[in-house]
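1. Curious how this folds, go ahead:
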Amino acid sequence: MVPFHAAPPRRVRRVRHAALALVAGAAALSALPATAMAGSAGYGTPTIKLSDAYLSGAVGATGDPTVTVQVGQSGADAGALTVSATATTRGSVARTGDVSVTGTGATREVTVRARGKGYADLTLEVNGLGGKSATTTLHYAASGAVRDAADTRYPTGSSDSSAAVDVGGGYMVVADDESNVLRLYRRDASGAPVRTWDVSSDLDVDKEIDIEAAARVGDTVYWTGSLGNNKDGEPKEDRFTLFTTTVSGSGADTELEVDGSYQGLREDLVAWDKANGDRLGFAKGTADGQVPKQIDGFNVEGLEFAPGSGSTAYLGFRAPLVPPAEGGKALLVPVTNADELARSGGDRDTHATFGDPITLDLGGLSVRDIRRNDKGQYLIVAGSWAAEDNSAPYALYSWDGVAGHQPVKRLDLPTADPGGWETVVDVPDLTAPGARAQVITDSGSADLYGDGTEAKDLEHEEWKKSRSVSFPLNPRPAVNP
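-> The predicted model follows:
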C-alpha cells in the first residue's frame, strides 16, 4: 500500500524545477540586447526605396542597367534585412528568379535578366526583424535579343542619339536630335548618363536645334543642327545653329561650357550655291514646304575637320545626293573659316567661306556621320537619305580626307535589329590589328518593346535607349584546321 503522503514530494520537485527554469530564463533574457527583449514591438516597419522606379534591359544583354535600393528598419541593423523579388506581372518577360539583389547593407543593387520582350512589374520585398516587411514595385521593360550582344551597350535616357565625341577616360558626350541636352556616358557600360547639360538657355533657343553632328579640335567641340527644314517642311531658325562647347577635365569629371554660336550658316550655303549656278540645289532644298530628308532635300548630318586643319570643317550632307538620283554621290562642303564663325558673336559682317564641294562614292548612300583621328584617318557612317531605322542599308567607310580620293568600304553594318546607325564616336588606328569602332544608333523610331510605341514617345526616360556596338574593323582571317 502506497503511503498517502508520497505524492506531495514529487509535486514539490516539479515546482522547484519550474522555479529554477524561470530564474534561468530571466537570467538569459537579461543577457540579451534591449531591442531583442522588446520583441516585434521594438522594430519599426521596414523601408524600401528604389533609385529609379523604371528600368530597361534586353534579352541576352551583357551588363544591362541596374537600379539601387535603399532599405532600413528602426531598431535593426540594415545588414539583418533581406531583399528579394516576390512577384511579377509577366513571367514571359522576367520571373522572380531572374532578379538578383547584391549587397548586405543599407544599399543593395538590383539586376534583372530579361527572358522576353515586353513589360513587367516586379514586386521587391524587404523582410525585417519582428516579422515585419514592406514592398515596392520596379517597372521593367525588356527589348529583344540583338546580334553582337556581347559587344552591345545601351545608353539610356534618350533614344535619339545623333552625334557623339570622345572626352577621354572611357567617356563620351552624346547629343540628341529631339532635345538640346548633351549627355555624358561611360563608353563601356549600359545605363543612364553620368551628367547632362541643357544648352537651350545659353544659346537663347526655345525649340530643338536638331543637333546632328559634332567635331572636336583640342578642347573645343563644334556642334551643328541639321540646318534643314523640319519634317513638315517648315524653316525653324533654331535648327540653323552652329555652336561650340569648351571641354575641361575628362572622364566622369568632364565639364562642358557653351562658348560661341552662329546661325547664318544655312543662309551662307544657299547664297554660295546660287553664286555658283545652283549646282547643288540648295535654294530648292531649303524652300518653304520642302521636306529635308529627300534625295534633293537639304540636311546636314556630318561634321569633321579637314586633314591637319583646325579651321576648315567638312559638312557632311544626308541630302541631297549629287546628282539627286538613285546612285548619286554623297556630298561634303568645306567650310574654310569654321573657327571664325564660332567666335563671331552674332557679328553681321561675319559670313562663312567655302571650298570646292567634294563628292564621295558611297554606293548610292549619303553621309550620316564622319569622324577623323590624329593620324588623318577618317570613318564615314553611310546610310540612305530616307531611312529613319534599319529599313535600308548602312555601311562603314574609311577615307584619307583628300578631295578626289575615294573612300573604301570597311564593313556593312547589320540592319536586322532596331535603330538606324547614326554616329561613330572616334576613329582607332585603322591599320592596327584588332581595331574597333564604336557606332551608335538613333532608335527614336524603333518599337523596342513590341507594343507599337516608338521609342521617342515612351513615357519614361529610363525606357528610352540607343544601341552602341563595338565593331571589329580588321577581323582576323579564319584559320583552316
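2. all strands for the stretch 101-250 of the chain, in order.
-> 107-112, 118-127, 133-143, 152-153, 161-168, 171-176, 181-186, 195-198, 211-217, 220-225, 242-248 (DSSP state E, counting those that start in this stretch).
3. Same list (those strands) but as TSV, adding distance to Ala61.
-> Every residue, glycine included, has its C-beta placed from N, CA and C. Compiled in TSV, these are given as follows (distance: least, CB to CB, whole Å):
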stretch	distance to Ala61
strand 107-112	10
strand 118-127	15
strand 133-143	8
strand 152-153	7
strand 161-168	17
strand 171-176	19
strand 181-186	15
strand 195-198	23
strand 211-217	27
strand 220-225	30
strand 242-248	30
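4. got the contact list for the residue lying closest to Gly118 once chain neighbours are set aside?
-> Residue nearest to Gly118 in three dimensions, not counting chain neighbours: Val93, with 4.5 Å by CB to CB, 6 or more residues apart in numbering. Going by CB atoms under 8 Å, 6 or more residues apart in numbering, Val93 touches Ala114, Arg115, Gly116, Lys117, Gly118, Tyr119, Ala120, Tyr140, Ala142.
5. Compare those and tell me which is most surrounded.
-> Among the contacts of Val93, Ala142 has the most neighbours (other CB atoms under 10 Å), with 30 neighbours.
6. quick one: low-confidence ranges for the stretch 1-150 of the chain?
-> Across the stretch 1-150 of the chain, residues meeting the criterion (pLDDT under 70) sit at 1-41.
7. In it, what residue spans correspond to helices?
-> With DSSP state H, counting those that start in this stretch as the criterion, the stretch 1-150 of the chain has helices at 7-31, 34-37.
8. Tell me where the stretch 251-400 of the chain has helices.
-> With DSSP H, counting those that start in this stretch, the ranges of helices along the stretch 251-400 of the chain come out as 265-275, 282-285, 338-342.
9. How many residues are close by Glu301?
-> 31.
10. Pull the contacting residues for it.
-> Glu301 touches Ser162, Glu212, Ala213, Ser226, Gly316, Phe317, Arg318, Ser366, Val367, Arg368, Asp369, Glu422, counting by CB under 8 Å, 6+ apart.
11. Check the gap between it and Trp421 for me.
-> 11 Å (CB to CB, to the nearest Å).
12. any chance of the helices of the stretch 251-400 of the chain in CSV, plus mean neighbour count and mean pLDDT?
-> Listed next are those as CSV, based on neighbours: other CB atoms under 10 Å; pLDDT from 0 to 100:
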stretch, mean neighbour count, mean pLDDT
helix 265-275, 18, 98
helix 282-285, 20, 98
helix 338-342, 22, 95
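13. Report the contact partners of the most centrally placed residue in the chain.
-> Centroid-nearest residue in the chain: Pro155, 2.1 Å away (criterion: CA atoms, centre = their mean). Contact analysis of Pro155 by CB under 8 Å, 6+ apart lists Ser161, Val174, Arg183, Tyr185, Ser190, Gly191, Pro193, Ile440, Lys465, Ser466, Ser468.
14. Compute the number of surrounding residues for Asn127.
-> 17.
15. Please tell me I have it right and it contacts Pro46.
-> Yes - taking contacts as CB atoms under 8 Å, Asn127 lies within contact range of Pro46: 7.4 Å.
16. any idea what sits nearest Lys231, other than its immediate chain neighbours?
-> Val291 (6.6 Å).
17. how near is the one you found to Ala319?
-> Counting by CB to CB, the gap from Val291 to Ala319 is 9 Å.
18. Need the residues touching each of these two.
-> Gly297.
19. re earlier: would you turn the contacts of Val93 into JSON lines with distance to Val335?
-> Below are the contacts of Val93 laid out as JSON lines (distance: CB to CB, whole Å):
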{"residue": "Ala114", "distance to Val335": "45"}
{"residue": "Arg115", "distance to Val335": "50"}
{"residue": "Gly116", "distance to Val335": "49"}
{"residue": "Lys117", "distance to Val335": "44"}
{"residue": "Gly118", "distance to Val335": "47"}
{"residue": "Tyr119", "distance to Val335": "46"}
{"residue": "Ala120", "distance to Val335": "50"}
{"residue": "Tyr140", "distance to Val335": "46"}
{"residue": "Ala142", "distance to Val335": "44"}
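20. Specify which member of those is nearest to Ala80.
-> Taking CB to CB as the measure, Ala80 sits nearest to Tyr140 out of the contacts of Val93, at 27.5 Å.
21. Distance check, the closest one against Gly57.
-> For Tyr140, the distance to Gly57 equals 7 Å [CB to CB].
22. again with Leu448
-> Taking CB to CB, one finds Leu448 at 11 Å from Gly57.
23. Could you pull up the residues touching the residue nearest to Lys231?
-> Val291 neighbours (CB under 8 Å, 6+ apart): Asn229, Lys231, Asp232, Gly233, Gly297.
24. Go again with 10 Å.
-> By CB atoms under 10 Å, 6 or more residues apart in numbering, the contact set of Val291 is Gly228, Asn229, Asn230, Lys231, Asp232, Gly233, Glu234, Gly285, Gly297, Phe298, Asn299, Ala319.
25. Now which of those residues would you call buried?
-> By neighbour count, with 16 or more other CB atoms under 10 Å, those hold Gly228, Asn229, Asn230, Gly285, Gly297, Phe298, Asn299, Ala319 as buried.
26. how about the contacts of Val291 in CSV, adding distance to Val247?
-> Output for the contacts of Val291, formatted as CSV (distance: CB to CB, whole Å):
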residue, distance to Val247
Gly228, 27
Asn229, 31
Asn230, 30
Lys231, 32
Asp232, 35
Gly233, 36
Glu234, 34
Gly285, 33
Gly297, 33
Phe298, 30
Asn299, 27
Ala319, 31
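27. between the residues you listed, which is nearest Ala330?
-> Distances from Ala330 to the contacts of Val291, taken by CB to CB, are shortest for Ala319, at 10.0 Å.
28. Show the pLDDT at the residue nearest to that closest one when sequence neighbours are not counted.
-> Excluding the flanking residues, the one nearest Ala319 by CB to CB, 6+ apart is Gly297, at 3.8 Å. Reading off the confidence values, Gly297 has pLDDT 97.
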